[in-house]
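S.K.: Model the structure of this input:
(one chain, ligands or ions: 1)
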Amino acid sequence: MKTIVITGSTSGIGKALTQYFAKDNRVFAGYRNENYVSDLEKLGVTPFYINMTDPESIKLAAAFIKSQTDKIDTLINVAGCVVAGAMESISPERIREQFQINTFSHLDFSQRLWDLLDGGRVINISSMASFGVFPFIAPYCTSKRALDMLFNSMMLETKHNIKVISVKPGVIATPLWEKSISGNKESIENSQGFEKEMNFMVKNARKNQIHGLDVSKVVDLIAEINEVDNPKASYTIGPDAKAASILSRLPQDWINFLIKKGAKFKIK
Ligand SMILES: NC(=O)c1ccc[n+]([C@@H]2O[C@H](COP(=O)([O-])OP(=O)(O)OC[C@H]3O[C@@H](n4cnc5c(N)ncnc54)[C@H](OP(=O)(O)O)[C@@H]3O)[C@@H](O)[C@H]2O)c1
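M.R.: Sure thing, here's the model as predicted:
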């Protein structure tokens, strides 16, 4: 039986991971919405409150876990959201919020639990977005890239024996996509000059929510990563993530050319 800490346990990837690991492990499951607590308790896991936008709650969440255990085998940083919009008009506050939720909160939480992770592993749910800056979701892409780079350095520098693994899924069918429409309502509605692009993004998000890969693909890979002796530093999931990985190795001008061509073809 391992001790596993998961954030974002109430939906999509985090929920599926929590359900999977709850069967044979001691699981601490992070939530921000109290309505989910009883569902988590029914799984036999220990729920803990954490709001990634609130540093005090991150501090209290880490203190709670430390009061319950002195060893964590695996920390899975899952909680996240998508901030989208045209870079010409998106506010720096929205970009800061994106980095707070997808990057800084995970760093803060992991630093506070670092000593307990000696001999263990940290699995970050990054994204294929980490491979490059796709237009209109630059805040999301850069927050994931920064997550990967900061944690990779943390692993290189540490005197502890801790493995950090970045998992980069392509499109997975989860509520993230519908939430990305409601969460970016303002950018979508005030996108003067980019109406076509925003309409495309909304349509695409709805399509992704239905046609994305099944969340079980992520669970299967993470279950494997959790068991193998020498996990790699980075994994992709899905053909789209593999394609993004290959594309990212081209010179930036070529990438820009291909992205512009693709956008012209798709956005009418
Ligand atoms: N779905 C994809 O195609 C895809 C692809 C690549 C990477 N990812 C990454 O996978 C991770 C999980 O996404 P998902 O697809 O499973 O989306 P999801 O279904 O929306 O789940 C996101 C989880 O994060 C929690 N969360 C969001 N903001 C939070 C905050 N401020 N404080 C605390 N918890 C917060 C959510 O809580 P609530 O339930 O309260 O909303 C939920 O539990 C994210 O980091 C995402 O970037 C997803």
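S.K.: got the contact list for residue 251?
M.R.: Residue 251 makes no contacts at all, as judged by CB atoms under 8 Å, 6 or more residues apart in numbering. Backbone N, C-alpha and C define where each C-beta goes, glycine included.
S.K.: With residue 15 instead?
M.R.: Contacts of residue 15 by CB under 8 Å, 6+ apart are residue 9.
S.K.: In which helix or strand does it reside?
M.R.: For residue 15, the host element (DSSP states H and E) is helix 12-22.
S.K.: pLDDT (mean, whole number) over that helix?
M.R.: Helix 12-22 comes out with an average pLDDT of 98.
S.K.: after that helix, next one along is what?
M.R.: strand 26-31.
S.K.: Is that next one in proximity to the ligand?
M.R.: No - if you take CB under 6 Å from any ligand atom as the test, strand 26-31 misses the ligand, and the best it gets is 6.6 Å.
S.K.: which helices and strands sit right next to that strand?
M.R.: For strand 26-31, the helices and strands in contact under the criterion 3 or more CB pairs under 8 Å, 6 or more residues apart in numbering; DSSP states H and E are strand 3-6, helix 12-22, helix 37-42, strand 46-49, helix 55-68.
S.K.: and the angle for the second one with strand 26-31?
M.R.: Looking back up the chat, that one is helix 12-22. 160 degrees (axes from the mean of the first three to the mean of the last three CA atoms, to 10 degrees).
S.K.: ok, now the longest one?
M.R.: Between the axis of helix 55-68 and that of strand 26-31 there is an angle of 170 degrees, by the same axes, to 10 degrees.
S.K.: which of the residues in helix 55-68 are buried?
M.R.: 57-58, 61-62, 65 (16 or more other CB atoms under 10 Å).
S.K.: Run the chain-centre distance for the helix holding residue 15.
M.R.: Taking the mean of its C-alpha atoms, helix 12-22 sits 14 Å from the chain's own mean (CA atoms, centre = their mean, to the nearest Å).
S.K.: quick revisit: any idea which of the buried residues of helix 55-68 is closest to residue 127?
M.R.: residue 58 (21.1 Å; CB to CB).
S.K.: That closest one contacts residue 109, correct?
M.R.: Yes - contact status for residue 58 versus residue 109: in contact at 5.1 Å, counting by CB atoms under 8 Å.
S.K.: any common contacting residues for those two?
M.R.: Shared contacts of residue 58 and residue 109 (CB under 8 Å, 6+ apart): residue 50.
S.K.: Take the buried residues of helix 55-68 and write them to JSON lines, including distance to the ligand and pLDDT.
M.R.: JSON lines is the format used below for the buried residues of helix 55-68 (distance: CB to the nearest ligand atom, whole Å; pLDDT from 0 to 100):
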{"residue": "57", "distance to the ligand": "8", "pLDDT": "98"}
{"residue": "58", "distance to the ligand": "9", "pLDDT": "98"}
{"residue": "61", "distance to the ligand": "10", "pLDDT": "98"}
{"residue": "62", "distance to the ligand": "14", "pLDDT": "98"}
{"residue": "65", "distance to the ligand": "15", "pLDDT": "98"}
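S.K.: Most widely separated two among those residues?
M.R.: Checking these with CB to CB, the most distant pair is 57 and 65, at 12.7 Å.
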